[in-house]
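1. Provided below for reference: sequence and predicted model.
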Amino acid sequence: KLVSATVATVERNLTEGAILVAAALFLLLGNWRAALIAVLVIPFSFLMMAMGMNAFRVPGNLMSLGALDFGPIVDGAVIIIENCLARLA
């Protein structure tokens, strides 16, 4: 019961975090396509992380999953997207 409640809480927090990041990116970038690309980086990076953890037999606990937050994941995508928008303009 405790594990189910914890997983549900983590899932809810990740969903709310992704929505807040999407809203902030849209407001800061001013371009819905650029914001969408940056937001799509989040699930893709978590997929790559899960595949890497599975390949190297790293157990998925809250410490290993909580070490990745939205800031460092999105920063690289935003920098690349801003550069692309500047070059296209």
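-> Right, received. Where do you want to start?
2. need the helix or strand of the chain with the lowest average pLDDT.
-> Least confident helix or strand, the chain: helix 62-66 with a mean of 64, by mean pLDDT, DSSP states H and E.
3. and residue 81, how many neighbours?
-> Taking other CB atoms under 10 Å as the criterion, the count of residues near residue 81 is 21. For glycine as for every other residue, the C-beta is placed from the backbone atoms N, C-alpha and C.
4. repeat for residue 21
-> Residues contacting residue 21 under the criterion other CB under 10 Å number 19.
5. after whichever strand or helix holds it, heading C-terminal, what element do we hit next?
-> Using DSSP states H and E, residue 21 maps to helix 2-29. Beyond helix 2-29 on the C-terminal side, the first helix or strand identified by DSSP H and E is helix 32-55.
6. next, the angle from that next one to helix 2-29.
-> If you take axes from the mean of the first three to the mean of the last three CA atoms, to 10 degrees, helix 32-55 sits at 150 degrees to helix 2-29.
7. counting contacts, what elements does helix 32-55 pack onto?
-> Under the contact criterion of 3 or more CB pairs under 8 Å, 6 or more residues apart in numbering; DSSP states H and E, helix 32-55 touches helix 2-29, helix 70-88.
8. can you give me the angle the last one makes with helix 2-29?
-> Okay, so that is helix 70-88. Here helix 70-88 runs at an angle of 30 degrees relative to helix 2-29 (the same axes, to 10 degrees).
9. good, wrapping up.
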